[in-house]
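kindly return the folded structure for what I paste below:
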Amino acid sequence: MTFDGYIRVSKVNGRSGASYRSPSDQRAIIGELARREGIQLGEIVEEQDVSGSKKVALRELGRLVQKVRDGESGGIIVWNVKRFSRKHIDGMRAAFDIVEAGGRILAEDFNHTGMGALSILSFQLEGAQEEWESRKRIFERSRDGALDRGAYCGLAPYGYRRNNDGTLTVVPEEAEKIRAAYACVGSWLDRAEILGGITRGRARNILTSKVYRGVVGVRSDGTEAFVPSVAIVTRTAWDAVQPRSGRQGTGTPRAGRAEPALLSTGLLRCGCCGRALVYSGTLKGEKVYGYYSCKNGGGACTEPGRARSDRVEAATLKLAETIFLAQPVHIGSDTDVARLAELQHEAEVARERFTAWDAASDPLDPGYADRRKELRATVVEAEAQVDEEVERHRVPVSDDEVRALLARSTVQEKQQLVRLTVGETVIHRDGRWVPGTDAARSLVEAAA
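Sure thing, here's the model as predicted:
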């Protein structure tokens, strides 16, 4: 089975050309690892300006993990463990999904399978998170210090020039245009014309920046760094132009959502180019008309996928519910919580004792195999007691109770249900949609 490669760059910072080697170097290492292990490469996914602290499910990496779970891939190859994740718990959850599906993670600094592999990976991911948190603290201290000096962290926004010490100086000619745009009572297109014929989106991005009311940044404790000499407009003028709740602007109404769109985390993909579909909505009167559509207009997408949000969300949830209800559901409503917590603690202690002993022991020592077998049996027994305690109190749940529970679920919980039952659905321009899991596809084909 082929393996997929995953390339990630945290910050591009304007780098390009021959000097920007990170993606190409990662690609070369992935290719070498595959060649060395005799593995055939499938697709190689590249993500730039994406932090390793971002949840796996919200990155393209989540799609590759799902491919392993669906039996479409044998595993994932990365340059090193830090490219996979910089969050210990989230990275381990993804790793468990891969291993439980019979897959494998391969990296330059991780080439382990079998007993102890996940323990080693856990140690490395924990180190990756500690390194990330340390860098984050250093960055925050440096940024807070710069903000206290009145410096602006980043390129000079429109209307300013950046001084050698990082502070901003107002450019009078551009500041006049900024003031005129804030004073305009027309649409975003009118404001865009005032700012020099730019796009409405660009105008919105400019005029929603807090720097124009004197805020050069936000400190790590959440307080705003205010520099009076930087302010071009008053707080009242700035507030008057900000997009209102449920809209993206004060011109042509564009509807937002009070919560994330159900299928906006890569659960819908374009049937032409494979990109994730993006949610957008239009407010007409009191009704919101939402759509998921492919935004790869400047790419190679000639027939971009598109679907009405209400229809595809309702159909997807109905499909997920049907698949979920096909299996009996139980809960532990009468569980002795204190007893279960005690057993779980004992199992965790047994696992930690086994891991620590195994890491410090020499396999060549006399009695190593027997002692290892004994400690491993202790772990298995402790985990079995946890399972027995849970199973002893499991009671069946009716379909109506399950439906009521699903109705009360959060968007994130519904997204997880869809990912597990329906998978990533491919939307074609002609209206066809193909779910990602075999169970979902079978139901759609039977209904057709």
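
switch to C-alpha atoms for all contacts and neighbour counts from now on
OK.

got the domain ranges for the chain?
If you go by automatic domain parsing, the domain ranges for the chain are 3-144, 149-241, 268-327+407-447, 330-396.

and Asp370, that's in a helix?
Yes: residue state for Asp370 (DSSP: H, G, I helix; E, B strand; the rest coil) corresponds to a helix.

make 18 the starting number, not 1.
Done: numbering now begins at 18, and the last item shifts to Asp387.

so which residues make contact with stretch 132-146?
Around stretch 132-146, the neighbours that count as contacts under CA atoms under 8 Å, 6 or more residues apart in numbering are 70, 98-99, 102-105, 108-109, 112, 127, 372.

so which of those are in helices?
Using DSSP state H, the subset of the contacts of stretch 132-146 located in helices is 98-99, 105, 108-109, 112, 372.

how about a markdown table for the residues you listed, with distance to Arg52, neighbour count and pLDDT added?
Output for the ones in helices among the contacts of stretch 132-146, formatted as a markdown table (distance: CA to CA, whole Å; neighbours: other CA atoms under 10 Å; pLDDT from 0 to 100):
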| residue | distance to Arg52 | neighbour count | pLDDT |
| --- | --- | --- | --- |
| Val98 | 19 | 21 | 93 |
| Lys99 | 21 | 22 | 93 |
| His105 | 29 | 19 | 93 |
| Gly108 | 25 | 23 | 93 |
| Met109 | 26 | 18 | 93 |
| Ala112 | 22 | 21 | 93 |
| Thr372 | 32 | 17 | 82 |
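
biggest separation within these, which pair?
The most widely separated members of the ones in helices among the contacts of stretch 132-146, counting by CA to CA, are Lys99 and Thr372 (22.2 Å).

which residues of the stretch 18-167 of the chain fall in strands?
Counting by DSSP state E, counting those that start in this stretch, one finds strands in the stretch 18-167 of the chain at the ranges 20-26, 58-65, 92-95, 121-123.

would you mind finding the most buried of the ones you listed?
strand 92-95 (a mean of 27; mean count of other CA atoms under 10 Å).

okay, that one in PDB with CA atoms only?
Included here for strand 92-95 are C-alpha records, laid out as PDB according to Å, rounded to 0.1, in the frame of the first residue of the first chain:
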ATOM      1  CA  GLY A  92       0.900   5.500   6.500                       C
ATOM      2  CA  ILE A  93       2.400   9.000   6.500                       C
ATOM      3  CA  ILE A  94       6.000  10.100   5.900                       C
ATOM      4  CA  VAL A  95       7.300  13.400   7.300                       C
END
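
partners of it, with directions?
Using DSSP bridges, strand 92-95 pairs in its sheet with strand 20-26 (parallel), strand 121-123 (parallel).

state the mean pLDDT of the shortest one.
pLDDT averaged over strand 121-123 equals 94, rounded to a whole number.

which outside residues touch it?
50, 91-95, 112, 115, 128-130.

and Arg389, how far is that from Asn30?
49 Å (CA to CA, to the nearest Å).

ok, the two, which is more surrounded?
Arg389 (17 against 7; other CA atoms under 10 Å).

touching, that one and Ala373? I think so.
No: Arg389 is beyond contact range of Ala373, at 11.3 Å (criterion: CA atoms under 8 Å).

show residues contacting stretch 454-465.
By CA under 8 Å, 6+ apart, the residues outside stretch 454-465 that reach it are 87, 336-337, 340, 438-441, 451-452.

distance between it and the chain's centre?
28 Å (CA atoms, centre = their mean, to the nearest Å).

chain neighbours aside, what residue packs nearest to Asp126?
Leaving aside its sequence neighbours, Asp126 sits nearest to Asn97 (CA to CA, 6 or more residues apart in numbering; 5.6 Å).

and that neighbour, how far from Gly22?
11 Å.

swap in Gly119?
Distance from Gly119 to Gly22, by CA to CA: 17 Å.

so where's the stretch 168-317 of the chain uncertain?
Confidence mapping of the stretch 168-317 of the chain against pLDDT under 70 gives the ranges 261-277, 300, 302-303, 314-317.

now the strands for it?
In the stretch 168-317 of the chain, the segments counted as strands under DSSP E, counting those that start in this stretch are 177-179, 185-187, 232-235, 241-243, 285-287, 295-301, 304-310.

reformat those as a markdown table; add distance to Ala163 and mean neighbour count.
As requested, the strands of the stretch 168-317 of the chain are exported to a markdown table (distance: least, CA to CA, whole Å; neighbours: other CA atoms under 10 Å):
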| stretch | distance to Ala163 | mean neighbour count |
| --- | --- | --- |
| strand 177-179 | 13 | 18 |
| strand 185-187 | 12 | 18 |
| strand 232-235 | 10 | 21 |
| strand 241-243 | 10 | 18 |
| strand 285-287 | 42 | 28 |
| strand 295-301 | 36 | 18 |
| strand 304-310 | 41 | 19 |
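
what kind of secondary structure is Gly448 in?
Assigned by three-state DSSP, the conformation of Gly448 is coil.

tell me where the stretch 318-465 of the chain has helices.
Counting by DSSP state H, counting those that start in this stretch, the stretch 318-465 of the chain has helices at residues 326-342, 354-377, 385-409, 416-424, 428-438, 455-464.

report how many residues lie close to the residue nearest to Asp126.
Number of residues near Asn97 (other CA under 10 Å) recorded here: 18.

and for the one 3 residues further on?
Each residue near Arg100 was counted by other CA under 10 Å, and the total is 19.

how much space separates it from Val67?
Arg100 sits 10 Å away from Val67, going by CA to CA.

and the two most separated of the contacts of stretch 454-465?
Asp87 and Leu336 (17.4 Å).

between these two, who's got more neighbours?
Leu336 (20 against 17).

list the contacts for the more buried one?
Counting by CA under 8 Å, 6+ apart, Leu336 makes contact with 439, 457, 460.

want to try a markdown table for these, with pLDDT as columns?
A markdown table is the format used below for the contacts of Leu336 (pLDDT from 0 to 100):
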| residue | pLDDT |
| --- | --- |
| Val439 | 89 |
| Ala457 | 86 |
| Leu460 | 88 |
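
now list the buried members of those residues.
Buried residues within the contacts of Leu336, defined by neighbour count using 16 or more other CA atoms under 10 Å: 439, 457.

for the stretch 18-167 of the chain, give me the ranges with low pLDDT.
Under the criterion pLDDT under 70, the flagged ranges of the stretch 18-167 of the chain are 31, 33-38.
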